[in-house]
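Engineer: Predicted model and sequence follow; I will ask about them next.
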Amino acid sequence: MVSIIVVTIGSNGHIYSCLESIRKQVDQETETIVIDNSLEENASYCSALNKGIRLSKGSFILCINDDVILDSNFISEALNGFNVDVRIGMVSGKILRIKTDIIDSSGLFLSCMRTAKERGYGKNDLGQFGKPGHIFGVNGAVAFYRREMLEDIKQGLDYFDSDFRFFYEDLDIAWRAQNRGWKAYYVPTAIAYHARGGTARKKEGVGRSFGRFYISDDLQFELIKNRYLAIIKNDTLLGLLLHLPFIFIYSLAELGFLLLFRQKVIPKLLNLPRFIKSALRKRIAAKRI
């Protein structure tokens, strides 16, 4: 059985189209669990996903945002990816922007700056990503996991690291899985549609480039914090040394953006040390010394 977990904040009515697309999935035994984050102030996306996974019963877990619409064959096609290899723990389909042929993601990759890189992001779908194959991880908006993998990489009660709250949780879980010997696979015939930023951005920023301009100061802090936490938890010493110049350049550009446009976020960075301590403890617990 496939357990589908949808986290919603009840905005813009996205949830209705999302649930309708789930209902139309063909030839699959599924259960759907909706976690309503609008009921709790400062609710965390990662904590909601963890709650949903703990409630679920399926051998495969599909975590989706409420601003996602699945093609009717999405699940049946995506499941073929797990059959390629018993160590495939993550499967991505081809994710397009809603009502367009623009690619949102054809697989998640780790960039030299240690950011999450969505392959094909913003490009027209011309069939250039029409072949299945291995990738680094899966986009968090439409993230399909093997339960066995999630249980293997779980940290305490957390499947998704609750320190992350929002953003980079998909890169972190993919990186942890890769470090444990799990793999990710891309199936281009599994199609989904995503309103990029539909749940996190201001209305005028949905689907637009450079989403940093359209998220709140609190989410801006999460975006910065979580990149560092993912690096601290998962990177090797050699990987860190090799990519340090790129990490530094990206961080410098990020600081410049804050100084120019988001000065109110800068004091929030004083909270980083306590999160870094937590990340170091988790690194040691995972034997990434």
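Structural biologist: Nice, I can see it. Residues are numbered from 1 along each chain as shown.

Engineer: Let me see the contact set for the closest residue to Ser92 other than its chain neighbours.
Structural biologist: Using C-beta to C-beta, 6 or more residues apart in numbering and skipping residues adjacent in sequence, the residue nearest Ser92 is Val138, 4.1 Å away. For the C-beta atoms, the positions are set from N, CA and C on the backbone; glycine is no exception. Shown in contact with Val138 (C-beta atoms under 8 Å, 6 or more residues apart in numbering): 90-92, 107-108, 144-145, 170, 174, 184.

Engineer: And Val138, how far from Leu242?
Structural biologist: Plainly put, Val138 is 25 Å away from Leu242 if you go by C-beta to C-beta, to the nearest Å.

Engineer: which ones are touching the nearest residue to Met113 once chain neighbours are set aside?
Structural biologist: Nearest residue to Met113, sequence neighbours excluded (C-beta to C-beta, 6+ apart): Tyr250, at 4.0 Å. By C-beta under 8 Å, 6+ apart, Tyr250 lies in contact with 113-115.

Engineer: Could you do Asp36 as well?
Structural biologist: 8-10.

Engineer: And for His194?
Structural biologist: The contact partners of His194, by C-beta under 8 Å, 6+ apart, come to 65, 67-68, 95-98, 104-105, 139, 141-142.

Engineer: ok, these vs Thr32, which is closest?
Structural biologist: The shortest gap between Thr32 and any of the contacts of His194 belongs to Val68, at 12.9 Å (C-beta to C-beta).

Engineer: Return the per-residue confidence for the closest one.
Structural biologist: You'll see Val68 listed with a pLDDT of 96.

Engineer: which ones are touching it?
Structural biologist: 18, 21, 141-142, 192-195.

Engineer: hmm, back to that, make a ChimeraX selection of the buried ones in the contacts of Asp36.
Structural biologist: Buried subset of the contacts of Asp36, written as a ChimeraX selection, criterion 16 or more other C-beta atoms under 10 Å:
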select :8,9
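
Engineer: Would you reformat the contacts of Asp36 as JSON lines and include pLDDT?
Structural biologist: Below are the contacts of Asp36 laid out as JSON lines (pLDDT from 0 to 100):
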{"residue": "Thr8", "pLDDT": "92"}
{"residue": "Ile9", "pLDDT": "85"}
{"residue": "Gly10", "pLDDT": "76"}
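
Engineer: Just the ones in helices from the contacts of Asp36, please.
Structural biologist: Among the contacts of Asp36, none falls in helices (DSSP state H).

Engineer: Tell me the buried residues in the longest helix anywhere in the chain?
Structural biologist: The longest helix of the chain (DSSP H) is helix 237-261. Within helix 237-261, the residues scored as buried using 16+ other C-beta under 10 Å are 243, 247, 250, 254, 257-258.

Engineer: what's the answer for stretch 83-94, then?
Structural biologist: Buried, per 16+ other C-beta under 10 Å, within stretch 83-94: 88-94.

Engineer: returning to what we had before: I'd like to know which of the contacts of Asp36 is nearest to Lys51.
Structural biologist: Closest to Lys51, out of all of those and judged by C-beta to C-beta, is Thr8, at 13.1 Å.

Engineer: helix, strand or coil for Arg196?
Structural biologist: Classification of Arg196 by DSSP: H, G, I helix; E, B strand; the rest coil places it in coil.

Engineer: Kindly provide the distance from it to Asp104.
Structural biologist: Note on Arg196: its distance to Asp104, by C-beta to C-beta, is 6 Å.

Engineer: Now the common contact residues for these two.
Structural biologist: Contact criterion C-beta under 8 Å, 6+ apart; residues shared by Arg196 and Asp104: Arg97.

Engineer: distance from the centroid: which residue in the chain tops it?
Structural biologist: Relative to the C-alpha centroid of the chain, counting by C-alpha atoms, centre = their mean, Leu260 is the outermost residue, at 27.9 Å.

Engineer: pLDDT wise, what is that one at?
Structural biologist: So, for Leu260, pLDDT stands at 94.

Engineer: Asp71: neighbouring residues, count only.
Structural biologist: Asp71: 21 surrounding residues under other C-beta atoms under 10 Å.

Engineer: ugh, typo on my part, it should be Arg281
Structural biologist: Arg281 - counted by other C-beta under 10 Å - has 12 other residues nearby.

Engineer: in what helix or strand does it lie?
Structural biologist: helix 272-285 (DSSP states H and E).

Engineer: Can you point out the buried residues in that helix?
Structural biologist: Applying 16+ other C-beta under 10 Å to helix 272-285 flags 275, 278-279, 282-283 as buried.
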